[in-house]
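> What follows is a predicted protein model with its sequence.
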Amino acid sequence: MTTTIGAPAYLAAVTAAIERVAASQSDAVAAAADLITAALDRGGVLQAFGCGHSDALSMELAGRAGGLVPSNRIALRDLVLYGSADRGVLEDPLLERDPAVAHRLYALAPVKPDDVFVLTSNSGVNGVIVEFALLLRDRGHRLIAITSREHTSRVAPRHPSGHRLADLADVVLDNCAPYGDAALPLPGGGAVGAISSITGALLAQQVVAEVVARLLAAGQTPPIYLSANVPGGDIHNTETEARYAGRIRRAA
């Protein structure tokens, strides 16, 4: 990694990471698209979950313009929005390390047997994400993981099983982020310039594009969101969402 700090250095680091994703992840992207397409064909939906900053990547997959309508975002806040937890629970900085939370979230979610899951965690070692993956395996769901293989291989699992997220997924998408995520080391220690947000979003959108390509090839009309900020967007989205009533949740 370079020791130069600044916008050009970060752009160079991001560009290099994108090139690594392009060179190494095409087969995994295709495999993930196959799993999602098969789930949609069976009447399932895409369930996305990530803790911490990885929650933002779930928003790339569920409920955004250009994305799949049959998609649902599961988040830690569901403990409060749909459960009986006090909002103060979300202030616990160690919440994502508690394996029991995974079971509470799964029980609160509108999950059906044919649903496919995308779990996102750059480290892939915290208790909630690993327990969620174990739970999904026990329930027979297909699982796609988005993680950093470099980072996860260099840190100890925090789940009692000793597993990492990557150990439990049917398909692993490597975001090619470096250990610690940030790419530009600082002279006094630490680093700046996170990578996983950029490459994770790239992988998510590549997978969606591949799913749509498969639906079109099968002669289907892909159920895709329009931007709510273009004429007709609200009507299109409301009518399409109605086909999945009770299966997807949309909260701000």
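Sure thing, it's come through. Predicted model, so just to flag it, every value in this text is computed and none were measured.

> Break down the stretch 1-150 of the chain into its helices, ranges please.
7-24, 26-41, 55-61, 78-81, 100-108, 127-139, 149-153 (DSSP state H, counting those that start in this stretch).

> Just tell me which of those helices ends up closest to Leu168.
Closest approach to Leu168 among those (Cβ to Cβ): helix 127-139, 4.0 Å. Yep, even glycine has a C-beta here, placed from its N, CA and C like the rest.

> Could I get the full set of strands for this protein?
Using DSSP state E, the strands of the chain run over 46-50, 71-74, 116-120, 142-147, 171-174, 182-185, 191-194.

> okay if I get the helices of the stretch 1-150 of the chain as a markdown table plus mean neighbour count?
Listed next are the helices of the stretch 1-150 of the chain as a markdown table, based on neighbours: other Cβ atoms under 10 Å:
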| stretch | mean neighbour count |
| --- | --- |
| helix 7-24 | 15 |
| helix 26-41 | 19 |
| helix 55-61 | 22 |
| helix 78-81 | 17 |
| helix 100-108 | 18 |
| helix 127-139 | 22 |
| helix 149-153 | 17 |
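
> re earlier: now render the strands of the chain as a markdown table, adding mean pLDDT.
Shown next, in a markdown table, are the strands of the chain (pLDDT from 0 to 100):
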| stretch | mean pLDDT |
| --- | --- |
| strand 46-50 | 97 |
| strand 71-74 | 97 |
| strand 116-120 | 98 |
| strand 142-147 | 98 |
| strand 171-174 | 98 |
| strand 182-185 | 96 |
| strand 191-194 | 96 |
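
> how about Gly189, what does it touch?
Gly189 makes no contacts at all, as judged by Cβ atoms under 8 Å, 6 or more residues apart in numbering.

> Distance check, it against Ile235.
54 Å (Cβ to Cβ, to the nearest Å).

> Check Leu68 too.
Taking Cβ to Cβ, one finds Leu68 at 18 Å from Ile235.

> Neighbour count: the two, which is higher?
Leu68 (23 against 10; other Cβ atoms under 10 Å).
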